[in-house]
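Asker: below are the sequence and a predicted model for it; my questions follow.
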Amino acid sequence: MDWQLYFNGLNAMFTFGIVGWLISLYRNNVTHVDSMWSLFFLVSAAAYACCLPEISLRGNIVLALLAIWALRLCVYLTWRNWGPHEDHRYAAIRANNEPNFSIKSLYIIFGLQAVLAWIVSLPLLGAINSDNALNMLDILGISLVAFGFIWETAADWQLAKFKSQPANKGKVLNTGVWRYSRHPNYFGESCVWWGFYVIALAAGAWWALPSAILMTLLLLKVSGVSLLEKDIAERRPDYVQYIKTTNAFIPGLPKEPKP
């Protein structure tokens, strides 16, 4: 593992985070950090690649896959969150960290996300900084990234279409990929990062394993499933029945509700 190269990525991420923080001071709103999340990885990958004299075929494949994933997610979240109002999650964090949240947000919001993304970027470092020949593990990893991307994109598109119908306000989407999992978008994103880890493993970077584990834990226990389902049943009573019949994360056939 090239530690100097790895810390170059951290420096680039911190710089990007500071830019986002300055924008939040101007807007008095930190919601755009959601749009920045996927771009943190693109910034780190660019930092890794720019420090190398030559990039292998594997590295170029990873850069292409990452760019497609990151830009799609950034555009979608920017479109979804567009507006002057701060997302309720960040509004709650702001309220709990006053006074001087504008200063604290530099490390509570932007610095923390930069560090988390830096750890998750380990397989990008391993894959880009390798000249090992492509092998079957690469094909498996690429396939897993592609599957996760398609699944996640389908979930976001179906949810956006569902929410665009006024008649669906307060209702629960339980069709399409949402029939098999309550959080198919998070499952797809987890697959993307396990796919990147498999590619890194093909490059000999077994030490990148904490990336996929951390991303999965974040999606399940921190900013994903647990956070969203904390009070959703209060806002959407039908969600209680949805929980009884549908897997939370890993897709599966709907279950018969228990009496």
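Answerer: Everything's here; your move.

Asker: what's near enough to touch the residue nearest to residue 128 when sequence neighbours are not counted?
Answerer: Using C-beta to C-beta, 6 or more residues apart in numbering and skipping residues adjacent in sequence, the residue nearest residue 128 is residue 59, 4.1 Å away. Bear in mind the C-beta positions are built from the backbone N, C-alpha and C, glycine included. Residue 59 is in contact with 49, 52, 127, 128, 129, 130, counting by C-beta atoms under 8 Å, 6 or more residues apart in numbering.

Asker: all helices for the stretch 51-200 of the chain, in order.
Answerer: All helices of the stretch 51-200 of the chain, identified by DSSP state H, counting those that start in this stretch, fall at 57-81, 88-96, 101-105, 112-120, 122-128, 136-163, 184-202.

Asker: residues making contact with the helix or strand where residue 215 lies?
Answerer: Assigned by DSSP states H and E, residue 215 falls within helix 209-217. Helix 209-217 has contacts (C-beta under 8 Å, 6+ apart) with 116, 119-123, 189-190, 193-194, 196-197, 200.

Asker: let's see 7 Å
Answerer: Helix 209-217 has contacts (C-beta atoms under 7 Å, 6 or more residues apart in numbering) with 119, 120, 122, 123, 190, 193, 194, 197.

Asker: list the residues that contact the fourth one.
Answerer: Spelled out, it's residue 123. Going by C-beta under 7 Å, 6+ apart, residue 123 touches 196, 197, 199, 200, 205, 208, 211.

Asker: farthest-separated two in those?
Answerer: Comparing every pair within those by C-beta to C-beta identifies 199 and 211 as the most remote, at 11.3 Å.

Asker: of these two, which one has the most company?
Answerer: A direct count of neighbours by other C-beta atoms under 10 Å for residue 199 and residue 211 places residue 199 higher, at 29 against 24.

Asker: from what I see, that one and residue 136 are in contact.
Answerer: No: in this structure, residue 199 is not within contact of residue 136 by C-beta atoms under 7 Å, at 11.5 Å.

Asker: what sits against residue 131?
Answerer: Here residue 131 is in contact with residue 56 (C-beta under 7 Å, 6+ apart).

Asker: could you tell me how many residues sit around the closest residue in space to residue 68 that isn't next to it in sequence?
Answerer: Closest residue in space to residue 68, ignoring its immediate chain neighbours: residue 149 at 7.0 Å, by C-beta to C-beta, 6+ apart. For residue 149, the count of nearby residues is 20 (other C-beta under 10 Å).

Asker: now do residue 238
Answerer: 12.

Asker: from residue 175, how far out is it?
Answerer: 13 Å (C-beta to C-beta, to the nearest Å).

Asker: and what of residue 109?
Answerer: Residue 109 is 35 Å from residue 175, by C-beta to C-beta.

Asker: higher neighbour count, the two?
Answerer: Using other C-beta under 10 Å, the more surrounded residue of residue 109 and residue 175 is residue 109, with 23 against 9.

Asker: which residue sits closest to the more buried one, ignoring its sequence neighbours?
Answerer: Of all residues apart from its sequence neighbours, residue 30 sits closest to residue 109 (C-beta to C-beta, 6+ apart), at 5.1 Å.

Asker: I figured that neighbour hits residue 89, correct?
Answerer: No: the pair residue 30 / residue 89 is not scored as a contact, 9.8 Å apart, by C-beta under 7 Å.

Asker: the two - which one has more neighbours?
Answerer: Taking neighbours as other C-beta under 10 Å, residue 30 and residue 89 compare with residue 30 leading, 26 against 14.

Asker: fine by me, thanks again.
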